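Novice: Here is a sequence with its predicted model. Questions after.
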Amino acid sequence: MRQEQGETGEKGEGRMIGDYIVRATAAEGRIRAFAATTRDLVEEARRRHNPSPAATAALGRLLTAGAMMGVMMKGEKDVLTLRVKGDGPIGGITVTANSRGDVKGMVLNPEVLLHARADGKLDVAGAVGRGTLTVIRDIGLKEPYSGQIDLVSGELAEDLTYYYALSEQTPSSVALGVLMNRENTVRQAGGFIIQLMPEAGEDVIGKLEKRLGEIRSVTALLDAGKTPEELLAHVLGEFGPEILERIPARFFCDCSRERVKKALISVGREELEDMIASGDGAEVSCHFCNESYRFGTAELKKVLEMLDKG
């Protein structure tokens, strides 16, 4: 099945305000579905990293996918990582998410500039290029579950559709999209993941494939004002979709001064001593949220003491 392209989540009068994800079933449990509006969290990522439009679209698509795939996990401490490595100018994208709708991400080369495609859309595939998509789920077992595929298009939604079919043997349709304003802020972002359960028969499969072939871009639907619930109703209306849960989604980074201080230990004694000798201290930025932490000479000496104590 097929994909492609690419807003609303606090409760009030039966609908949520801001970013959120809905979890649903349809066709009497033979289909499960997720849909999300992620404009605010993608805009927050854009504000923090200041990427180009193409890089924003690529990062926004993967953040949206990560948010939906994250809430598929059960455990409070489960962590999902999506990693795209390509030979395009963007270099790579990394996104991590948890089961509570929190997601963060970064682009290796955020300032890449590319011309729009002939159809006027941002050239995400050109920015990503050829490479691999890796999905890692850390669900508290001895070793995290990891699956990897070669990118089939670099558009990301198609690649995730292929990942589900190949690595998890789950027929899926993934749709992702980000729409930018002229001033390069995020106008709309969101998507859906629709999956067939093992008990789905040929009648359901055939009707669903036909319906998915009729769907225009996700961003056009979002820009027309459709909520995640309405997205699923638009796609799955004939299958009787039932909304099971609404989960708020946000861009959230769990970095902190203490965690960064502990990470400084990993740079080693020699580099720490050089920082101290310079008398200028050190400034460390989080790759995911771009938050900067400044450490003076006295603090660096304490870090060195921590290293000595093991």
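Specialist: Arrived safely, thanks for sending. Numbering: from 1, shown residues only.
Novice: so where's the stretch 201-310 of the chain uncertain?
Specialist: Counting by pLDDT under 70, the ranges of the stretch 201-310 of the chain that qualify are 310.
Novice: can you give me the strands for it?
Specialist: All strands of the stretch 201-310 of the chain, identified by DSSP state E, counting those that start in this stretch, fall at 242-248, 250-251, 282-285, 292-295.
Novice: Okay, now the sheet partners of the longest one, with direction.
Specialist: Paired with strand 242-248 in the same sheet, following DSSP bridges, are strand 20-26 (antiparallel).
Novice: quick one: the next helix or strand after the strand it pairs with to strand 242-248, angle?
Specialist: Going down the chain from strand 20-26, the next helix or strand is strand 31-37, by DSSP states H and E. Here the directions of strand 31-37 and strand 242-248 differ by 30 degrees (axes from the mean of the first three to the mean of the last three C-alpha atoms, to 10 degrees).
Novice: what is the mean pLDDT for strand 31-37?
Specialist: The pLDDT scores in strand 31-37 average 98.
Novice: packing partners for it?
Specialist: With contacts defined as 3 or more C-beta pairs under 8 Å, 6 or more residues apart in numbering; DSSP states H and E, the packing partners of strand 31-37 are strand 20-26, helix 53-70, strand 186-196, helix 228-236. No exception for glycine: its C-beta is placed from N, CA and C like everyone else's.
Novice: What average pLDDT does the shortest one get?
Specialist: Read that as strand 20-26. 98.
Novice: quick revisit: winner for burial among the helices and strands packed on strand 31-37?
Specialist: Most buried of those, by mean neighbour count (mean count of other C-beta atoms under 10 Å): helix 53-70, with a mean of 29.
Novice: how close does the residue nearest in space to the middle of the chain get to Arg182?
Specialist: Residue closest to the mean C-alpha point of the chain, counted by C-alpha atoms, centre = their mean, is Leu63 at 1.8 Å. From Leu63 across to Arg182, the span is 22 Å (C-beta to C-beta, to the nearest Å).
Novice: Bridged to Leu133, which residues?
Specialist: Val84, Ile149.
Novice: Was I right to think it contacts Gln148?
Specialist: Yes: between Leu133 and Gln148 a contact is recorded at 6.9 Å, counting by C-beta atoms under 8 Å.
Novice: Compare these two and say which one has the larger neighbour count.
Specialist: More crowded of Leu133 and Gln148, by other C-beta atoms under 10 Å: Leu133, with 25 against 14.
Novice: For the more buried one, which residues are in contact?
Specialist: 82-84, 148-151, 156, 159-160, 163 (C-beta atoms under 8 Å, 6 or more residues apart in numbering).
Novice: switch to 6 Å and redo it
Specialist: Listed by C-beta atoms under 6 Å, 6 or more residues apart in numbering, the contact set of Leu133 reads 84, 149, 151, 159, 163.
Novice: Out of these, which is nearest to Lys74?
Specialist: Lys74 lies nearest to Tyr163 out of those, by C-beta to C-beta, at 20.0 Å.
Novice: What lies in contact with stretch 103-121?
Specialist: 49, 51-52, 54-55, 59, 63, 66-67, 89-97, 123, 126-127, 253, 287-288.
Novice: Next: stretch 181-201.
Specialist: 7, 30, 32-39, 42-43, 46, 53, 60, 64, 68, 170-176, 178-180, 218-219, 222-223, 231.
Novice: just checking, Arg294 touches Glu283?
Specialist: Yes: using C-beta atoms under 6 Å, Arg294 makes contact with Glu283 at a distance of 5.1 Å.
Novice: Leu160: neighbour count?
Specialist: Leu160 has 28 nearby residues by other C-beta under 10 Å.
Novice: Please identify which helix or strand holds it.
Specialist: Element membership of Leu160, judged by DSSP H and E, is helix 157-167.
Novice: Quick one: mean pLDDT for that helix?
Specialist: Mean predicted lDDT for helix 157-167 stands at 96.
Novice: From here on, call the first residue 26.
Specialist: Will do, 26 is the new start, and the previous item becomes helix 182-192.
Novice: which parts of the helix or strand just after it are buried?
Specialist: With elements assigned by DSSP H and E, the helix or strand that comes after helix 182-192 is strand 197-205. Neighbour-count burial for strand 197-205, counted by 16 or more other C-beta atoms under 10 Å, picks out 197-205.
Novice: Distance to Arg48 added to these, as a markdown table?
Specialist: Conversion of the buried residues of strand 197-205 to a markdown table gives the following (distance: C-beta to C-beta, whole Å):
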| residue | distance to Arg48 |
| --- | --- |
| Ser197 | 15 |
| Ser198 | 16 |
| Val199 | 15 |
| Ala200 | 16 |
| Leu201 | 17 |
| Gly202 | 20 |
| Val203 | 22 |
| Leu204 | 24 |
| Met205 | 28 |
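Novice: Closest one to Glu296 out of these, please.
Specialist: Val203 (38.4 Å).
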